[in-house]
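Chemist: quick one, structure for this:
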Amino acid sequence: MIAIALVLLPDFLLIVAGALLARLRAFDEVFWAGAERLVYFVLFPALLFRSLATGASSIDDSLPLVATGVAFTIFGIALSFLARFLFRLRTGEFAACFQCGFRFNTYLALAERLHGARGLAAITLLVGVLVPLVNVAAVGMLASERRWGVLSALVRNPLVLACVAGLAWALLGWPLPDVPDRVLASLGGASLALGLLTVGGALKLGLQGVLPLPAVAYWTILKLVALPGCAWIAGRVFGLQQPLLAIAILMAAVPTAPSAYVLATQMSAHGRSVAFLVTTGTLAAVVTLPLWLAAVR
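Modeler: Numbers count the residues shown, from 1 in each chain. Presented below is the predicted three-dimensional model:
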């Protein structure tokens with residue numbers, strides 16, 4: 001349990017560091033806006049493409065694993081949409097926060113740390129299937145609320161394009177040349193630190209202008225409690241065995257990805273609420289993730 005908490009602690013400390021840097025005059029709003037665009041258009045797409053293009057394309061019991069992942073993701077999308085009727089949120093604010101009920105932080109790579117090569121193959125497979133799904137849902141909601149063409153927004157979204165390109169590369173069986181592979185690895189590695197720093201940079205002290213606390217509690221509980229609970233039930237229904245059942249549950253239990261904030265800032269004016277949800281979820285996950293790990297074991 002302590003080991004899992006320590007996995008999350010550096011991420012939360014990076015968010016805190018970003019919040020502190022944002023108070024320094026040398027790191028103004030212009031700097032953070034540029035950093036957000038760099039993560040969104042270059043660094044995180046590089047991470048997604050490389051992980052999918054070079055990841056394992058098949059593992060034992062892949063169908064039950066994929067079915068479980070799709071089931072808990074759709075469950076999260078449905079309950080996240082329900083928040084629209086439970087809380088009096090502005091239309092744009094709901095559209096931005098909608099994704100926080102089902103997006104996941106792939107940075108943590110819990111399966112690789114816990115289950116070695118087999119865990120890495122499982123997490124790669126889930127990422128390949130679920131990242132396009134969650135991005136289609138998130139981008140579609142933001143685009144529809146802003147009255148953009150949903151299809152046009154999806155076609156131009158760098159995260160969706162990176163996923164499609166990475167999956168196509170893997171399916172074609174092409175090797176990734178050494179030099180491009182190292183360049184992409186460097187860009188992807190930078191996305192973790194800079195992405196978390198930008199989340200912290202957007203976080204403001206105090207609750208003024210942020211979501212109502214009941215809405216914060218709803219999305220946090222949905223992501224960290226209800227979603228992994230659904231993964232557990234779905235895994236049992238689909239006959240998923242250990243350790244893949246534990247991997248699916250932990251994939252569902254990780255907090256919302258920092259890329260949710262970057263997406264919100266690029267497509268709406270409500271990044272601050274998303275940053276608050278990401279930060280509180282990451283902090284709460286330091287407690288909930290070890291509990292889920294103990295439960296599945």
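Chemist: okay, now Gly34: neighbour count?
Modeler: Residues lying near Gly34 (other C-beta atoms under 10 Å) number 11. Just so you know, the C-beta spots here come from the backbone N, C-alpha and C atoms, and that holds for glycine as well.
Chemist: relative to Val278, how far out is it?
Modeler: To Val278, Gly34 is 20 Å away according to C-beta to C-beta, to the nearest Å.
Chemist: now do the strands in the stretch 51-200 of the chain.
Modeler: Assigned by DSSP state E, counting those that start in this stretch, the stretch 51-200 of the chain shows no strands.
Chemist: residue contacts, Val164?
Modeler: Pro132 (C-beta atoms under 8 Å, 6 or more residues apart in numbering).
Chemist: what do you get for the one 4 residues further on?
Modeler: Under the criterion of C-beta under 8 Å, 6+ apart, Ala168 has no neighbours.
Chemist: for Ser152, same thing?
Modeler: By C-beta under 8 Å, 6+ apart, the residues touching Ser152 are Ala143.
Chemist: and Val39, by the same measure?
Modeler: So, once contact is read as C-beta under 8 Å, 6+ apart, Val39 ends up touching Ser191, Leu194, Gly195, Thr198, Ser259, Val262.
Chemist: quick one: buried residues of the strand or helix carrying Ala231?
Modeler: Assessed by DSSP states H and E, Ala231 sits inside helix 227-237. Buried residues in helix 227-237, counted by 16 or more other C-beta atoms under 10 Å: Leu227, Pro228, Gly229, Cys230, Ala231, Trp232, Ala234, Gly235.
Chemist: can you pull the contacts of the closest residue to the first one other than its chain neighbours?
Modeler: The reference is to Leu227. Among residues not flanking Leu227 along the chain, Ala252 sits closest, at 4.5 Å (C-beta to C-beta, 6 or more residues apart in numbering). By C-beta under 8 Å, 6+ apart, the contact set of Ala252 is Phe72, Gly76, Phe104, Leu227, Pro228, Cys230, Ala231.
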